[in-house]
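Colleague: the following block contains a protein sequence and its predicted model.
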Amino acid sequence: MSRIGKKPLDIPKDVLIEVKDNSVYVEGPKGKLTQSFSPRISVEVKDAKVTVKRLQDTKQDRAFHGLYRSLISNMIKGVTQGYTKELEIIGVGFKAQMQGNNLNLQLGFSHPVNIPSPEGIKIETPKLTQIVIRGIDKERVGRLATEIRAICPPEPYKGKGIRFAGEYIKKKVGKAQATTK
């Protein structure tokens, strides 16, 4: 048995979970989420608990068992608490600000970079060098954060670029000067 997959999930009282046609529907105070799952996995809702079971014992089914249990757990947390990713911008003249529904990044390129805010995800810029991404879907919040980071990832010599809050960048030593006598 999968160590993660065999643990039942508790359903909070303000969350409604429904299973239909190989799909799980989760509704809570922050919104609704849907996830389809493999027909080789069964999901049951009984007595304010969700249990995930596999129908066979193949390697693929064992992997799916833990995966779908984690996905349902993330959905429950998303509709009750939500997810947040924070990014920091490091560099002279680098800044971010919201212009309407678009995130405007000035990162030392010859042009500003505009990123539209996807539906269901909220982008905030409390400071010029900080970006906060909030949403109920963990995958979409994380994907948007990595797409923004990929525009200008931190470089290893000075550390300039966009990084996750608290991310450590190992810096390289620059060129060594040759000494002449």
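Modeller: Cool, got the structure. Numbering: from 1, shown residues only.

Colleague: which helices and strands sit right next to the longest helix anywhere in the chain?
Modeller: The longest helix of the chain (DSSP state H) is helix 59-80. Contacts defined by 3 or more C-beta pairs under 8 Å, 6 or more residues apart in numbering; DSSP states H and E place helix 59-80 against strand 9-10, strand 23-28, strand 31-36, strand 41-46, strand 49-54, helix 138-151. Bear in mind the C-beta positions are built from the backbone N, C-alpha and C, glycine included.

Colleague: for the chain, which residue is closest to the average position?
Modeller: By C-alpha atoms, centre = their mean, the chain has its centre lying nearest to G142, at 2.3 Å.

Colleague: next up, the contacts around the closest residue to that one other than its chain neighbours.
Modeller: Distances taken as C-beta to C-beta, 6 or more residues apart in numbering put K85 closest to G142, at 6.4 Å, once the chain neighbours are dropped. Applying C-beta atoms under 8 Å, 6 or more residues apart in numbering to K85 gives the contacts 132-133, 141-142, 144-145, 164.

Colleague: repeat that for 6 Å
Modeller: With contact set as C-beta atoms under 6 Å, 6 or more residues apart in numbering, K85 has these partners: 133, 141, 145.

Colleague: do Y68 as well
Modeller: The contact partners of Y68, taken as C-beta under 6 Å, 6+ apart, are 37, 41, 52.

Colleague: work out for me the element the residue lying closest to T129 once chain neighbours are set aside sits within.
Modeller: The shortest distance from T129 to any residue other than its chain neighbours is 4.4 Å, reached at I89 (C-beta to C-beta, 6+ apart). Here I89 sits within strand 83-90, counting by DSSP states H and E.
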